[in-house]
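*Asks:* Structure of the sequence below:
(2 chains)
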Amino acid sequence: MTDKIEHLIQYALKVLLIEPEVPISIERSRRPDHGHFTSNIAMLLAKPLRRAPMTIAEEIVKNMGKIPESIEKIEIKNPGFINFFIAPKIYQTVVSDVLIKQQDFGRSELGKGAKALVEFVSANPTGPLTVGHGRQAVLGDSVARILEWNGYQVDREYYYNDAGRQMRILGQSAYIRYRQLLGYDDQLTDEHYQGEYIIDIARSIQEKYGDRFNNQPDHEIFRNTAEEAVFADIRNTLKVLGIVFNSFYNEQSLYDDGLIDDVLKRFKAYGATYEKDGAIWFRAGDFGAADDRVLWKSVVDEATYRLPDIAYHETKIKRGYDLIVDIFGADHHATYPDVIAGLKALGYNTDSIRVLIHQFVTLTRSGEKVKMSTRKANYVTLSELIDEVGKDVVRYFFIMRGMKSHLNFDLALAKTEGDENPVFYLQYAHARICSILRNAEVKGFKNDSRGDLNLLREEETLALLGILGEFEEICILCGKTMEPQTLTTYLQKLAATFHKFYTVHRVITKDKELSRARLDLVRAVKIVMSNGLSLLGINAPERM
RNA sequence: GCCCCCAUAGCUCAGUGGAUAGAGCGCCAGCCUCCGGAGCUGGAAGCACAGGUUCAAGUCCUGUUGGGGGUACCA
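*Replies:* Prediction:
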């Protein structure tokens, strides 16, 4: 539709011998009395042409040539908007479009089959996933789903660090708990992981091997058993949320494959490093980052996390991904410029990398803030949260706010079942439609019989048709911005418009023709709602 | 000190530079002879502050204030 309108405007501009320096923008009107689409072209041209926008608008409208039937009316409104009113006939075709495409309605070819890698969660296996990880998990998975929907070939990847200090401490924590089980009075320090799960891990070692590893604090069994147990728990939690990764990439393999040495060697060869105080520094400042950074420590003979991070990202490029999406929490926002700088130093173009930074989750319980720290173990785990409120509510809560906003997760509110939870509003709309359709079947309406869509013309009905028509562009918008929250806002609007329609108009009436048309309409709403929810990984229930 | 994010209704949040800023919760007043009242209708109530850019600013820029996160040879 916007194509047609743009064509009309372009035609008029040609007649008027105006060459616009600005792109012609056509938007959906926000208010019904401003038509369905609107253009501000006259106002944009006012300055270069040095003429009043109203006059320009009038001339454009006068010179559009033949107006297609699909456009019912064109109005000019102060201070120079050109408003287009679309014929109901055009609006009504959305319904048949949805019914034909079914579960594919809304897909786009934005990505043109390009390979995309979405890296998210990437929590080190030192403890159960926290509520904070949950936000990232849901965000990342939703972004991945949206990209797939828009024609990308998407892989989900989890990167974890199994080579550094944190894992050593994890092993030590397990050892100390093991010693305690053996009856010694070893104590954990603040540095260690305090969680109950460490005791379980220690117990499993003790049950299997007794005191065989006593006095062997550095034995790999502690670290390995802990890592394995924690990872099994993490995978399980993610699975419950409906999140499945294509690959888990571990830091150790970068060392094993010699990639760390290789990157460092090239850095040195390119003169991107220097030595200072016995450490090896990267001239990150020369490649767009704020400050130079240490790559190789002097106090211990090992790399800082930046070096493997850079090597890891190089593999993403080498593995042939056209789009690389990194999802980080706000606490990591300072690290990605170093990675970008590192890749630039290695000679790569980094335009294909999109870094999405999400803000923190503030967890409140009975009005009190709960600080989340894996080490202190005074947190609510993601898994506990899912158990209490269900997967759909968890997913919805994490995605219903923009990623740049701090997310206030009120446990008390989330735990209450019922109408406080906005996700039910969407699911209810879907279930309600299913109920109508069941009812229709009982009354003898066939599932595949189509009605005369021309009968769909009341105010509330046209509003619903309009919302349905927006779905495709919303999907594309989400694909570009990678902000799934736009979709939740849309689905809320869709549900609201449907509920309003429902209260005003009966779907199944004595008028068979009208009933058939309205059944088509609600079937279309059901499909769009279901497609939208599936992009967020949320169920669309038939009954509630 | 420096860097990043945020500030919209009593609370939690929407709002692709456009024309009268929207929801939910809470509060007040209504709507079931009829497809699911987990719904619908109406009411009170708001863009932190000060400049600037623009025909047009909640939206962009600068500053101020307030909150969160960074700024490590932890990740």
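
*Asks:* Mean pLDDT per helix and strand in chain A: which one sits at the bottom?
*Replies:* Within chain A, confidence by mean pLDDT, DSSP states H and E is lowest for strand A:368-370 among all helices and strands, at a mean of 62.

*Asks:* helix or strand right after it?
*Replies:* From strand A:368-370 onward toward the C-terminus, using DSSP states H and E, the following helix or strand is helix A:382-389.

*Asks:* just how off-centre is that next one within its chain?
*Replies:* Its chain's average C-alpha position is 20 Å from that of helix A:382-389, according to C-alpha atoms, centre = their mean, to the nearest Å.

*Asks:* With only the CA atoms kept, save that helix in PDB.
*Replies:* What follows is helix A:382-389 as a C-alpha-only set of coordinates in PDB (Å, rounded to 0.1, in the frame of the first residue of the first chain):
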ATOM      1  CA  LEU A 382      15.800 -18.900  37.500                       C
ATOM      2  CA  SER A 383      14.700 -22.400  37.900                       C
ATOM      3  CA  GLU A 384      12.800 -21.600  41.100                       C
ATOM      4  CA  LEU A 385      11.100 -18.700  39.400                       C
ATOM      5  CA  ILE A 386       9.900 -20.900  36.500                       C
ATOM      6  CA  ASP A 387       8.600 -23.400  39.000                       C
ATOM      7  CA  GLU A 388       6.500 -20.800  40.700                       C
ATOM      8  CA  VAL A 389       5.000 -18.800  37.900                       C
END
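
*Asks:* State the mean pLDDT of it.
*Replies:* Along helix A:382-389, the predicted local confidence has a mean pLDDT of 87.

*Asks:* quick one: the very next helix or strand once past it to chain centroid distance?
*Replies:* Reading on from helix A:382-389 to the C-terminus, the next helix or strand found by DSSP H and E is helix A:391-399. Here the centre of helix A:391-399 is set off from its chain's centre by 12 Å, with C-alpha atoms, centre = their mean.

*Asks:* Parallel or antiparallel, which strands does the helix or strand following helix A:391-399 pair with?
*Replies:* The element immediately downstream of helix A:391-399 (helix or strand, assigned by DSSP H and E) is strand A:407-410. Each strand paired with strand A:407-410, and its direction, by DSSP bridges: strand A:361-365 (parallel).

*Asks:* buried sites along the strand it pairs with?
*Replies:* A:361, A:362, A:363 (16 or more other C-beta atoms under 10 Å). C-beta coordinates here come from the backbone N, C-alpha and C atoms, glycine included.

*Asks:* want to throw those into TSV with distance to RNA strand B and pLDDT?
*Replies:* TSV is the format used below for the buried residues of strand A:361-365 (distance: C-beta to the nearest atom of the strand, whole Å; pLDDT from 0 to 100):
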residue	distance to RNA strand B	pLDDT
A:361	9	86
A:362	7	81
A:363	11	74
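
*Asks:* what's the burial count for residue A:164?
*Replies:* 16 (other C-beta atoms under 10 Å).

*Asks:* for the stretch 101-250 of chain A, what spans make up the strands?
*Replies:* Using DSSP state E, counting those that start in this stretch, the strands of the stretch 101-250 of chain A run over residues A:115-119, A:153-160, A:247-250.

*Asks:* Would you tell me which one of those is buried the most?
*Replies:* Of all the strands of the stretch 101-250 of chain A, strand A:115-119 has the most neighbours on average by mean count of other C-beta atoms under 10 Å, namely a mean of 24.

*Asks:* residues making contact with it?
*Replies:* Here strand A:115-119 makes contact (C-beta atoms under 8 Å, 6 or more residues apart in numbering) with A:140, A:143-144, A:147, A:152-159, A:316, A:319-327.

*Asks:* how far off strand A:153-160 does it point, in degrees?
*Replies:* Here strand A:115-119 runs at an angle of 30 degrees relative to strand A:153-160 (axes from the mean of the first three to the mean of the last three C-alpha atoms, to 10 degrees).

*Asks:* And residue A:161, its phi and psi?
*Replies:* Backbone torsions of residue A:161, given as degrees, to the nearest 10, read phi -100, psi 110.

*Asks:* Tell me the spacing between the residue nearest in space to the middle of chain A and residue A:137.
*Replies:* Relative to the mean C-alpha position of chain A, the nearest C-alpha, by C-alpha atoms, centre = their mean, is the one of residue A:143, at 3.2 Å. Between residue A:143 and residue A:137 the distance, using C-beta to C-beta, to the nearest Å, works out to 11 Å.

*Asks:* Next, show the common contact partners of those two.
*Replies:* Contact with both residue A:143 and residue A:137 is made by residues residue A:120, according to C-beta under 8 Å, 6+ apart.

*Asks:* ok, stretch A:504-512 near RNA strand B or not?
*Replies:* Yes - when contact is scored as C-beta under 7 Å from any atom of the strand, part of stretch A:504-512 falls within range of RNA strand B: A:505, A:506, A:507, A:508.

*Asks:* Tell me the residues on the stretch 351-500 of chain A that lie near RNA strand B, please.
*Replies:* That would be A:357, A:359-360, A:400-402, A:404-408, A:417-420, A:422, A:424-425, A:428, A:431-432, A:434-436, A:439, A:483, A:485-486, A:489, A:492, A:496, A:499-500, which are the residues of the stretch 351-500 of chain A within reach of RNA strand B (C-beta under 7 Å from any atom of the strand).

*Asks:* Oops, could you answer that again for the stretch 101-250 of chain A instead?
*Replies:* A:124, A:161, A:164, A:165, A:166.

*Asks:* Next up, the contacts around the second one.
*Replies:* Applying C-beta under 8 Å, 6+ apart to residue A:161 gives the contacts A:124, A:167, A:250, A:251, A:305, A:308.

*Asks:* Over to residue A:437?
*Replies:* Residue A:437 sits next to A:447, A:519, A:522, A:523, A:526 when contact means C-beta under 8 Å, 6+ apart.

*Asks:* quick one: which helix or strand includes it?
*Replies:* Secondary structure assignment for residue A:437, by DSSP H and E: helix A:422-442.

*Asks:* now do residue A:510
*Replies:* If you go by DSSP H and E, residue A:510 is not part of any helix or strand.

*Asks:* and it, backbone torsions?
*Replies:* Note on residue A:510: backbone dihedrals following degrees, to the nearest 10 are phi -70, psi -20.

*Asks:* ok so, going back, just the buried residues from the residues of the stretch 351-500 of chain A next to RNA strand B, in PyMOL please.
*Replies:* The following PyMOL line selects those of those that are buried, judged by 16+ other C-beta under 10 Å:
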select buried, chain A and resi 359+400+401+402+407+422+424+428+431+432+434+436+483+485+486
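
*Asks:* which element is the nearest residue to residue A:8 once chain neighbours are set aside on?
*Replies:* With C-beta to C-beta, 6 or more residues apart in numbering as the measure, residue A:64 is the residue that lies nearest to residue A:8, at 4.5 Å, once sequence neighbours are left out. Counting by DSSP H and E, no helix or strand carries residue A:64.

*Asks:* Shouldn't residue A:310 be within a helix?
*Replies:* Yes - note on residue A:310: a helix contains this position according to DSSP: H, G, I helix; E, B strand; the rest coil.

*Asks:* Quick check: closest non-adjacent residue to it.
*Replies:* Taking C-beta to C-beta, 6+ apart, and ignoring the residues beside it in sequence, residue A:310 has residue A:342 as its nearest neighbour in space, at 3.5 Å.
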